[in-house]
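Asks: Generate a structure from the sequence data that follows.
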Amino acid sequence: MTIAAPRAGSADVNLSEDALLRVVVRIGVPAVASALLLTAFVSLDSAWVGHFVGAAGLAAVSTSIFYIWIIVSIAEMVSVGLTAVAARRHGERRDEEAARAVGDALVFALALGVVTALIGLLALPHLFALMETPADVTALGMRYLGTYLAGSPLIFGYFVVDAAFRAAGNTRLPFIMLLCATLIAATLDPILITGWGPFPELGIRGAAVATLCVRGSLCVVGTLMLRRRRLVSFGAIDWSRIGTIVRVGLPTALTGVIFSMIYVVMTRTTQQFGTPALAALGLGHRIESWMYMVGVGFGAAAAAIVGQNLGAGKPDRATRAGWLTLAMTGVPGVIACVALFTFPAHLAGLFSTDAAVIEEATRYLRTAALAQLVVSGETVLEGALGGAGWTLPPMITSTAITLARVPLAAWAAMHWGTTGIWWVISLTAIARALAMMALWASGRWRRAVV
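Replies: Model (predicted):
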């Protein structure tokens, strides 16, 4: 009797053979836990800034986040493309080619991170001028964002490491590593901000350093773990492989970049109502991000499951995986809707003690409550479509709806103030979710070539 050798980095669940519900749960739950853990740390980071630095510091972090989204979106270009390519190769049982794709992607991502950091640091003074933020917010924002930009290469590397494990069907190990890194960074966060003991007082820069510690350490440790599991190998870069990764991932990256730039423009609309409105905009996004990240986690799982099943020649199973993964977000969506509508002031109070900020954020959160029921439809199915390598139509659809926010928000602000802006954000989020469901139902993604 011949015993087959184990596959490189094989997980304890077979994405193309095991019962589909088991696959979704075993891959999805750790991915969601990782996404929520990152969100918890970022939320804690904002809370420390709000309490120790004040409303201007919170507004600085809130406005910086739109540019951080751009950085993350560029990193996701490599992550999404690599997930589609590596998952498809794993599904085809071509594990060595998957490992080479990871190695090429990691080198490319680190180089891209260096370029992004240099351009961002050179443009830093102009980034806040574009938003016309108050002088105190601008000064703090430049310190926070500048520190974050300096760590861009490690952030880019982290996204590749995470995508490599996910494409192979392993989401538990990345979660365990993330948990350890987050606990350490969460301890460092207030220490670096306030300068406890032998540590220097870094103020708002300390919050950015703590954030970089999470993803930076995971980039280094994760790469070593990938080597041990034969999930990454290095050699002469295959530029045709990089081209495929970029072709698949670029539409998703452009979606994120355009989304972020639209928010930069909307910040100018919001800032006319003062610093509390700016802080509430970012604070609202922080709180909403909990449900959003549930979708991101399940979307990451859907990408791997869909990619591997298409590679294994099982498109019907891939279709069911997308819908089943989306269904898993139903209960969290209801909980988020009830929480945002019932306890908005309490949630806002976790991040700020400023009465004006809490009042404005309460209006934002009550307006956003309804969207929580379906918002995961966008992130889950965008992940599934990315895993199939079909990213251009989702980009066009999502971007068109998001672009509509600019004139709609300006018009709504004239008639209903910030409440009008909050309603525009909520209704367009619902529209994007419904559009992704329609694209998934069309089935055209089945014909994508990776």
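
Asks: hey, let's count contacts and neighbours off CA atoms from now on
Replies: OK.

Asks: To what extent is residue 128 buried, counted in neighbours?
Replies: By the criterion of other Cα atoms under 10 Å, residue 128 has 22 neighbours.

Asks: is it true that it touches residue 136?
Replies: No - the criterion here is Cα atoms under 8 Å, and residue 128 misses it with residue 136 at 11.2 Å.

Asks: Check what contacts stretch 292-300 and list those residues.
Replies: By Cα atoms under 8 Å, 6 or more residues apart in numbering, the surrounding residues in contact with stretch 292-300 are 28-29, 31-36, 39, 166, 325-326, 329, 332, 375-384.

Asks: what's the answer for stretch 423-440, then?
Replies: Contact partners of stretch 423-440, identified using Cα under 8 Å, 6+ apart, comprise 322, 367-368, 370-371, 374-379, 381-382, 385, 394, 397-398, 401-402, 405, 408-409, 412.

Asks: Can I have the buried ones of these as a PyMOL selection?
Replies: Of the contacts of stretch 423-440, the buried ones can be selected in PyMOL as follows, counting by 16 or more other Cα atoms under 10 Å:
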select buried, resi 322+367+368+370+371+374+375+376+377+378+379+381+382+385+394+397+398+402+405+408+409+412
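
Asks: Among the contacts of stretch 423-440, which ones are in helices?
Replies: 322, 367-368, 376-379, 381-382, 385, 394, 397-398, 401-402, 405, 408-409, 412 (DSSP state H).

Asks: distance of residue 410 from residue 287?
Replies: Remark: distance between residue 410 and residue 287 (Cα to Cα, to the nearest Å) = 24 Å.

Asks: Next, count neighbours for residue 44.
Replies: Applying other Cα under 10 Å, we find 19 other residues in the vicinity of residue 44.

Asks: wait, what's in contact with it?
Replies: Residue 44 sits in contact with residue 186, where contact means Cα under 8 Å, 6+ apart.

Asks: average pLDDT across the helix or strand hosting it?
Replies: Taking DSSP states H and E as the definition, one finds residue 44 inside helix 20-52. Averaging pLDDT along helix 20-52 gives 86.

Asks: can you check stretch 115-124 too?
Replies: On average, stretch 115-124 scores 93.

Asks: List the buried residues in that stretch.
Replies: 116-117, 120-121, 124.

Asks: From the contact counts, what lies against the helix or strand harbouring residue 185?
Replies: Here residue 185 sits within helix 172-194, counting by DSSP H and E. Secondary-structure packing of helix 172-194 (3 or more Cα pairs under 8 Å, 6 or more residues apart in numbering; DSSP states H and E): helix 20-52, helix 204-228.

Asks: now the angle from it to helix 204-228?
Replies: Orientation check (axes from the mean of the first three to the mean of the last three Cα atoms, to 10 degrees): helix 172-194 against helix 204-228 gives 160 degrees.
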